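Asks: no sequence for this one, just the structure:
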Ligand SMILES: [Zn+2]
């Protein structure tokens, strides 16, 4: 399968690639061959992210425009991460296009849109003047990680660098309403409010850096929303952590002794033991119950939704999951011990529940060939449980050992293409090396990143949203073609009270992500484990999620991201899906309380009201294949 990332405009690629630390562009494959011939390929900006622009180059019509440029890391090393805004919008299913600052004048010649500054950009005087004039005339602008020299437009003064802090919501506003996590942020700025209304302050250890962090301003006929902290960098930092070269610092309360001499994903975590964890029932165990990075993503999305609603924009969102599902669940089984007597017991529990799960096979194996055949025939997924812990001839941390075990699992199980992996004991070293190894063997998805200790249960390394990591260590940052699906907890009953299960599942569902639980066959016969697993599966279904394999998650996500959109008019959009995407859900932002009607290829499709991150949408579910004309009203 080809790389599933889609590039922004080619021209933009050239510009960014020419600079040292541009957006995530290198090695991401080519624009989709599926682009309709009626469009000039130079104007294709695809993805679920993308859209097919109109043939005339200057005709930008997407509802969301990302203003981005390469920024030197000399002044701000976090600038390497700013291209990740694309990945955040892609995951959300927004259709957007790029506009380099040199072409800001185009904003005056196109339909209304929400423009988003992808970082604290060093704009020229002329570029700043263009944005001031555009917003003054009614444009809507989101600032990320700083004002980009537009303090007057954002209605703030006295910016102060923020090293690390926690956002504290003030007042009631749709952008910040109902958020529950600690909102831990890294980098960016705080401000003194001028004309702007503060929506959140930043609490930080440095009293000089305290101030307003999120502010909304009316400027002339337009509006501006400033997200001062560097949310894009924060998301990457929380997900990818720091390089694992030594034990992490354990939780002071003894709940997470990660300094066990075995290097693993948690050793690189950047969240805070005291401020980012909350007690979970019934034992008040502190865990990372609320996914911080999910909520930081949503602050960006909500800002766009809020400004789009103000302008009554046609804002379609190709929703995260089919059938409008609130989320998806994943059960994985690491075959530690490879006991042929216990595997059938686990399989039987899953079969009774009619749930397909992902079996990750640990070298050197031990199950008979007939068992692997059973898994294959019954459509369970088979992947790798890479062992870099045992320290034997082929079981240390190295690329060669990973490649060896990859080959071994393929040979042993008879599965030609393995889609996913989890590292035994959540082993991890360095920062990005392992994802590079996965890319080398077209291992499309990893599910290693999560807890090995009770006190790191939940979301220690990002949120419930599956994500493509950013290679920000290369000269030209690029997205890596490995979908990371975070792990929330290991075996209920054995590692934590079974009551943690529904609470974690609820957290993932609130953010429409993946609720991923690991159950080892080695533990399935222990008292209470099978019962807890069955109850968790039932609970998830009762909450409206579907249980998928990791491979299903990857396939859906990669196909969803291939859909492109052409905005035909104020009320029309043409979607193009090169491969069939069954029962996809398209959301349309409601500008007011009234429901919107939709015609799909001339046929009326009934919609239902749906909340997405606190905003009202109309949801329409239909099959996407080839070209689909969607008309509102
Ligand atoms: Zn294991």
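Replies: All right, it came through fine. Since the model is a prediction, treat every value here as computed from it, not as a measurement.
Asks: quick one: low-confidence residue ranges for this protein.
Replies: Low-confidence regions of the chain, defined by pLDDT under 70, span residues 1-60.
Asks: flag every residue of it that's near the ion.
Replies: Selection of the chain residues close to the ion by Cβ under 5 Å from the ion yields 334, 336, 424. All C-beta atoms are positioned from the backbone trio N, CA, C, and that covers glycine.
Asks: ok, now which ones touch the last one?
Replies: Each residue near residue 424 by Cβ atoms under 8 Å, 6 or more residues apart in numbering is listed here: 334, 336, 362, 385, 386, 387, 388, 389, 390.
Asks: ok, and the closest non-adjacent residue to residue 362?
Replies: Across the structure, with Cβ to Cβ, 6 or more residues apart in numbering as the measure, the residue nearest residue 362 apart from its sequence neighbours is residue 385 (4.2 Å).
Asks: near that neighbour, how many other residues are there?
Replies: Residue 385 sits with 24 neighbouring residues when counted by other Cβ atoms under 10 Å.
Asks: beta partners of it?
Replies: When bridges are called by DSSP bridges, residue 385 pairs up with residue 362, residue 422.
Asks: if I read this right, it contacts residue 337, doesn't it?
Replies: No - with contact defined as Cβ atoms under 8 Å, residue 385 and residue 337 do not form a contacting pair (11.1 Å).
Asks: re the thing from before, and the residue nearest to residue 362, how far from residue 520?
Replies: 10 Å (Cβ to Cβ, to the nearest Å).
Asks: any common contacting residues for those two?
Replies: Taking Cβ under 8 Å, 6+ apart as the contact rule, residue 385 and residue 520 both touch 334, 335, 336.
Asks: inside strands: which ones of those residues?
Replies: Secondary structure of the shared contacts of residue 385 and residue 520 is defined by DSSP state E; positions in strands are residue 334.
Asks: tell me which element the closest residue to residue 355 other than its chain neighbours falls in.
Replies: If the residues on either side of it in the chain are set aside, residue 355 comes closest to residue 547, at 4.3 Å by Cβ to Cβ, 6+ apart. Using DSSP states H and E, residue 547 falls within strand 546-548.
Asks: same thing with residue 330?
Replies: Residue 330 belongs to strand 328-334, assigned by DSSP H and E.
Asks: mind giving me the packing neighbours of that strand?
Replies: Applying 3 or more Cβ pairs under 8 Å, 6 or more residues apart in numbering; DSSP states H and E, we find strand 328-334 packed against strand 358-362, strand 514-518, helix 529-542, strand 546-548, helix 550-560.
Asks: just checking: what are the partner strands of it?
Replies: strand 358-362 (parallel), strand 514-518 (parallel), strand 546-548 (parallel).
Asks: quick one on the thing from earlier: let me see the contact set for the residue nearest to residue 362.
Replies: With contact taken as Cβ under 8 Å, 6+ apart, residue 385 is in contact with 334, 335, 336, 360, 361, 362, 363, 421, 422, 423, 424.
Asks: do residue 228 as well
Replies: 143, 145-147, 156, 159, 162, 188-191, 202, 212-215.
Asks: hey, where'd the helices end up in this protein?
Replies: Under the criterion DSSP state H, the chain carries helices at the ranges 10-18, 85-92, 125-136, 151-154, 231-240, 292-310, 343-353, 369-377, 399-413, 433-440, 500-510, 529-542, 550-560.
Asks: what sits against the residue in the stretch 101-250 of the chain that the ion sits nearest to?
Replies: Nearest to the ion in the stretch 101-250 of the chain, going by Cβ to the ion, is residue 244, at a distance of 17.5 Å. Residue 244 sits next to 263, 264, 265, 267, 268, 428, 429, 430, 431 when contact means Cβ under 8 Å, 6+ apart.
Asks: could you do residue 525 as well?
Replies: Residues counted as contacts of residue 525 (Cβ under 8 Å, 6+ apart) are 342, 345.
Asks: ok, and the closest non-adjacent residue to residue 158?
Replies: Going by Cβ to Cβ, 6+ apart, residue 158 has residue 192 as its nearest residue, at 4.1 Å.
Asks: my read: that neighbour touches residue 215, true?
Replies: No - contact between residue 192 and residue 215 fails when scored by Cβ under 8 Å: they sit 10.0 Å apart.
Asks: quickly list what's touching both of the two.
Replies: Looking at what touches both residue 192 and residue 215 (by Cβ under 8 Å, 6+ apart), the common residues are residue 156.
Asks: more neighbours: these two, which one.
Replies: The residue with the greater number of neighbours, taking residue 192 and residue 215 and applying other Cβ under 10 Å, is residue 215; the counts read 27 against 15.
Asks: from residue 201, how far off is the more buried one?
Replies: The span separating residue 215 from residue 201 equals 10 Å under the rule Cβ to Cβ.
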